[in-house]
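1. I'll drop the sequence and a predicted model, then ask my questions.
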Amino acid sequence: MTGVHDVLLLDLDGVVYVGPHPVAHAADRIAAARRGGLRVAFVTNNASRAPADVAAQLRDLGVSAQAADVVTSAQAGAAVVAGLVTSGGAVLVVGAPALQDAVTDRGLRPVATAAHRPAAVIQGFGPDVGWRLLAEGAYALADPGVVWVATNTDLTIPTPGGIAPGNGSLVAVLATVTGRTPVVAGKPEPALLIEAVNRTAAAQPLVVGDRLDTDILGAVRAGLPSLLVLTGVTTVPALLAAGPQQRPTYLAADLRGLDAAQPAATVLTDDRSVCGTASAAMAGDRVEVTVADGGGDGLDGLRAVAALTWARTDLGLPTDVTGLNVAALVPPNESGTAAER
C-alpha cells in the first residue's frame, strides 16, 4: 500500500491509541511510513481540542506530530460555514474555544449571542456548553435564513467516568426545538475527509480507521479508498455484516498492514471465494474456511470469508457465519481490542 498512496488520513482513537494507551506498533509504523515517503494527517471528529493539543498528546505517545498534521471536525465545520456565508460574517459558536479559533481562522467572526444577528450557527462538542448557549443557538436558528452546521453527530463520548452525551445529543436538542436539521461536517459525512485532502494536497490518499460507521462509511462517501484496522471497536461479525457503504478496500490487523501487499479476494462462484492461500466455501448455508501455511499476514481467511459473505448478501442468499472460529481468522491482537470477539 505504501507504494500506491501518498498521504495517510489516520483516525486516532482505535488506530493510534485506545483511550490513554498507544496501540501496539502504531508509532513505529507511522514513522516507517514517513521514511518511505508517505505524508500523514491525523483526522479526528473531536471539535473540542485544538490541533496543537492533539499533536502534543500524540508526541507523548511517541508519535511525531505538529499542529499542522492534525485535521479536526472543527476546522472542517468552519470550512463548510465559510463556503456558505459572506467573509467576515458573524457566526454563533455553540462549542469549545477550539471551535471559535477554527471559525476565526476562516476569516469569520465568532459571537456568543443571537443578538449579533449571526449568518450561521456552528455547533461542536464542548464540556462547558450549557443551557444558555444552547438557547442562543435556538434563538438564532428560528430565522430559516441562518445556516446551521454541526461538526459531528456522535451521540456519546467516552470519559473517565463512563459514557457521556456527545455533540450529537446536543445537536438533537436544537433539532427538537427548531425542527431543523444541520449540515454535518464530521465523519461519516465527507467534509472532514475532503478538508484533510485539501490541507495535505493529497493525490492518492488512504483513509485508515477502526470504525465501519464513521471511518469506512466516510471514506466511501468521499470516494476514497480505506483500510480497516482491527485495533478498535469493529468485531469480525460486524465486518461480515457490513453493507456496501461500510466495506473497506483493505483489511489489516494493525498499522503493520501498511507495509504488506494485500492479495485480492476473488469470488469464483456464489458459493466459493479465494484470497492468497485461503479459500472460503459454502457447506449448505454455513461458511467453511481453509487456510494453507498461515495465509500470509494471517488475514487471508477472513478476507476470503468477507468477500464471499458480502457477495451472497448482495445476491440475497443466506450465509451462516455463526460457526466460524473467529480466533483462527484473526491474528492475536496485542491491543486487546474487539476484533477477536
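-> Thanks, I have the structure now.

2. can you pull out the strands in the stretch 51-200 of the chain?
-> Under the criterion DSSP state E, counting those that start in this stretch, the stretch 51-200 of the chain carries strands at the ranges 70-72, 90-94, 109-111, 120-123, 147-150, 156-159, 162-165, 183-184.

3. If you count contacts, what does the fifth one end up packed against?
-> Based on contacts counted as 3 or more CB pairs under 8 Å, 6 or more residues apart in numbering; DSSP states H and E, the elements that strand 147-150 packs against are helix 73-82, strand 120-123, helix 167-178, strand 183-184. All C-beta atoms are positioned from the backbone trio N, CA, C, and that covers glycine.

4. between these, which one is nearest to residue 263?
-> For residue 263, the closest of the helices and strands packed on strand 147-150 is helix 73-82, at 34.7 Å, according to CB to CB.

5. Residue 297 - nearest residue in space that isn't next to it in sequence?
-> The shortest distance from residue 297 to any residue other than its chain neighbours is 5.3 Å, reached at residue 260 (CB to CB, 6 or more residues apart in numbering).

6. check contacts around the one you found.
-> For residue 260, the contact set (CB atoms under 8 Å, 6 or more residues apart in numbering) comprises 1, 252, 296-297.

7. What does the closest residue in space to residue 167 that isn't next to it in sequence show for phi and psi?
-> The shortest distance from residue 167 to any non-neighbouring residue, by CB to CB, 6+ apart, is to residue 125 (3.9 Å). In terms of degrees, to the nearest 10, the main-chain angles of residue 125 are phi -60, psi 140.

8. So what's the residue count around residue 125?
-> Using other CB atoms under 10 Å, residue 125 is surrounded by 30 other residues.

9. Relative to residue 53, how far out is it?
-> For residue 125, the distance to residue 53 equals 14 Å [CB to CB, to the nearest Å].

10. Repeat that for residue 139.
-> 31 Å.

11. still on that earlier bit, correct me if wrong: the residue nearest to residue 167 contacts residue 170.
-> Yes - here residue 125 reaches residue 170: they are 7.4 Å apart, a contact under CB atoms under 8 Å.

12. Could you find the closest non-adjacent residue to residue 192?
-> Residue nearest to residue 192 in three dimensions, not counting chain neighbours: residue 76, with 4.1 Å by CB to CB, 6+ apart.

13. And residue 98, by the same measure?
-> If the residues on either side of it in the chain are set aside, residue 98 comes closest to residue 50, at 4.4 Å by CB to CB, 6+ apart.

14. I'd guessed that neighbour sits against residue 104; true?
-> No - applying CB under 8 Å, one finds residue 50 not in contact with residue 104, separated by 11.9 Å.

15. The two - which one has more neighbours?
-> residue 50 (18 against 14).

16. and that one, what is it in contact with?
-> Counting by CB under 8 Å, 6+ apart, residue 50 touches 67, 97-98, 101.

17. In PyMOL, how would I select just the buried ones from those residues?
-> To isolate the buried ones among the contacts of residue 50 in PyMOL, judged by 16 or more other CB atoms under 10 Å, type:
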select buried, resi 98+101
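
18. Check the contacts of residue 50 and tell me the two furthest apart.
-> Farthest apart among those by CB to CB are 67 and 97. That separation is 14.8 Å.

19. Go ahead and confirm residue 275 touches residue 265.
-> Yes - the pair residue 275 and residue 265 passes the contact test of CB under 8 Å, sitting 3.9 Å apart.
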